[in-house]
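next comes the sequence, and after it the predicted model I'd like to discuss.
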Amino acid sequence: MISTVTDMECRGNITAIAQDFETKGILVTLSLADVAVQELQTFKAMDELSVSIKKYRKKRSLDANAYFHLLVSKLADKLRISKVRCKNIMIGRYGQIDYIDNQPIMIKTQIPVSDMLEQENLHCLPCGGKTEENGLQTFFYRVYRGSHTYNTKEMSILIDGVVQEAKEQGIETETPDEIERLKSLWKGRSNG
């Protein structure tokens, strides 16, 4: 498989600096964190690179919902699917079903699964298969609430599930202590 990586950002340190006597170019040896050797091989094969080095600054503190979206973004990149599709899949696996009058919300529509999974503001996953009505395929979907509506327990379940998925894909996650801190500080809906 040919890699399509064209840019990369990671943490690291300069471990050595020297000058090439033939070309007079500067040789820099880096120690990099959170990078796979295969990713670097892609860059080694390139004739010329644009290089930027700057002081590492820890990113601002995330809340639990922002951390969910960050992990979804990394998972989507790793799985090579859209962020919207990945978010809908994760909400369907670990999120909360939406209800009206204590009944789960279900949708019957001609919108195919591939299109429904790309809906940004409606989180649905197929359930019950499909049928044909008047010559048109009809699909059934279960509706899920958006993560911003979750209480502490619901957000905790969502974060735990997505963290596990990220780890299975080799994606670095926050420390267990930091994840617990994010979940405990979540100020979503009341836990009632």
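Perfect, I can see it now.

going forward, measure contacts between C-alpha atoms and count neighbours the same way
Will do.

so for stretch 115-129, what gets flagged as buried?
Across stretch 115-129, burial judged by 16 or more other CA atoms under 10 Å covers 116-118, 123-126.

ugh, wrong one, I meant stretch 132-144
138-144.

who's in contact with it?
Stretch 132-144 has contacts (CA atoms under 8 Å, 6 or more residues apart in numbering) with 91-92, 95-98, 104-113, 122-131.

could I get the buried residues of stretch 115-129 as CSV with secondary structure, distance to Lys167 and pLDDT?
As requested, those are exported to CSV (DSSP: H, G, I helix; E, B strand; the rest coil; distance: CA to CA, whole Å; pLDDT from 0 to 100):
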residue, secondary structure, distance to Lys167, pLDDT
Met116, helix, 27, 93
Leu117, coil, 23, 94
Glu118, coil, 24, 95
His123, strand, 24, 95
Cys124, strand, 25, 92
Leu125, strand, 23, 91
Pro126, strand, 26, 91
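
quick check: the farthest pair among those?
Spatial extent of these (CA to CA) is set by the pair Glu118 and Pro126 at 12.8 Å.

how far away is the spatially most central residue of the chain from Gln169?
Nearest to the geometric centre of the chain sits Val72, at 1.8 Å (CA atoms, centre = their mean). Look at Val72 and Gln169: by CA to CA, to the nearest Å, they are 12 Å apart.

which residues in the chain form helices?
Per DSSP state H, the chain carries helices over the ranges 37-44, 64-79, 83-94, 113-116, 152-168, 176-185.

switch the ones you listed over to JSON lines; also include distance to Asp20.
Formatted as JSON lines, these follow (distance: least, CA to CA, whole Å):
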{"stretch": "helix 37-44", "distance to Asp20": "18"}
{"stretch": "helix 64-79", "distance to Asp20": "37"}
{"stretch": "helix 83-94", "distance to Asp20": "44"}
{"stretch": "helix 113-116", "distance to Asp20": "54"}
{"stretch": "helix 152-168", "distance to Asp20": "41"}
{"stretch": "helix 176-185", "distance to Asp20": "44"}
